[in-house]
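**Q** just to be clear, the model below is a prediction. Sequence and coordinates:
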Amino acid sequence: MNKKASMDQVDRLLRQLAEAFLTELLDHCDDAEADLLLLEKKFDTDVFNRLFGLVHSIKGSGGTHGFGMITSIGHQFESALIEWQSSPSRDSLPVLLGFVDLLRQAADLLSTGADLTGLKQQLEKLCLDSDQVSKRVLLVESSRIMQQLCQQVLADLAVQVNTFDDGLKALNELLHSRYDCLIIGRQLNSLNGSAVVAAVRESDSPNHNIPVLMLSTDQRQLPDHLNILRLLPRTPALSDVLLIEMERLIKKRPAKEGGKLG
């Protein structure tokens, strides 16, 4: 079997695993909703821990399969649960149930390849309602395997991740939506990473001065005007370096106060 055929087989297997995860996610959402309804009646540590473990697993699996939207929802859901545990209030339960609904919508939309713009807007509103405002990261990488590697690193960080594999589409997103960090491959479909960054630097968009981490097997120095924060190796060693750079960019918000369940 030649190298291309082997890679095609791996890609096909990854797609099958991802599809199975999306199908199972709907059942997990039913379980999460059932636990929230139990907690609404009476706070129980065992039920809470079971729910939190389920959400944590969903978040991690979203990263493994390259579903940035699911990872983002899972992270914000997890953060909201941590805050709610310290001060359980019935007023917060509609917000928590809102995260379950977003996960259901994400599973449906990702299964059909539909546009996620509306879902992203709903997540931003829900994060504001729950006081969970995180850094927004745009990940642009043509390789599904490299996408998944980055997603696994970002899954445990306080970030909301949107993913593109096409340079031109990513540029359009950067010109219209604010982000706190750009992680971008040097070689992309339709428009390479250097061209995307150059266009953003010349624009009057809110991302004009965005911190940029570029992924490349070619470690030669990039032009100064691109103002690249760091050129990262496009190898398995990427995980450690990316984690270090992202932790430098992240600042965590304090938890809010709330009324306890009676």
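**A** Nice, I can see it. Remember, predicted model here, so these are calculated numbers, not experimental data. Numbering: from 1, shown residues only.

**Q** longest helix in the chain, by number of residues?
**A** helix 3-41 (DSSP state H).

**Q** is L231 in contact with L222, as I believe?
**A** Yes: judged on CB atoms under 8 Å, L231 makes contact with L222 at a distance of 6.5 Å. All C-beta atoms are positioned from the backbone trio N, CA, C, and that covers glycine.

**Q** which residues are in contact with each of those two?
**A** Common contacts of L231 and L222, defined by CB atoms under 8 Å, 6 or more residues apart in numbering, comprise M214.

**Q** below-threshold pLDDT in the stretch 151-262 of the chain: ranges please.
**A** The stretch 151-262 of the chain contains residues with pLDDT under 70 at 158, 251-262.

**Q** could I get the full set of strands for it?
**A** 159-164, 181-185, 212-216, 230-233 (DSSP state E, counting those that start in this stretch).

**Q** and F67, how close does it get to D156?
**A** Separation of F67 from D156 (CB to CB, to the nearest Å): 15 Å.

**Q** the two: which has the busier surroundings?
**A** F67 (27 against 16; other CB atoms under 10 Å).

**Q** tell me how the chain divides into domains.
**A** Listed by automatic domain parsing, the domain ranges of the chain are 1-121, 134-251.

**Q** save these as CSV, and put in distance to L128 too.
**A** Output for the domains of the chain, formatted as CSV (distance: least, CB to CB, whole Å):
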stretch, distance to L128
domain 1-121, 10
domain 134-251, 11
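
**Q** which of these sits closest to C127?
**A** domain 1-121 (5.4 Å; CB to CB).

**Q** L97 and D35: what is the separation?
**A** 11 Å.

**Q** neighbour count winner among these two?
**A** Using other CB under 10 Å, the more surrounded residue of L97 and D35 is D35, with 21 against 15.

**Q** now that one, nearest residue through space, not along the chain?
**A** Among residues not flanking D35 along the chain, L51 sits closest, at 4.1 Å (CB to CB, 6 or more residues apart in numbering).

**Q** which SS class is that neighbour?
**A** When classified by DSSP: H, G, I helix; E, B strand; the rest coil, L51 comes out as helix.

**Q** let me know the pLDDT of it.
**A** You'll see L51 listed with a pLDDT of 95.
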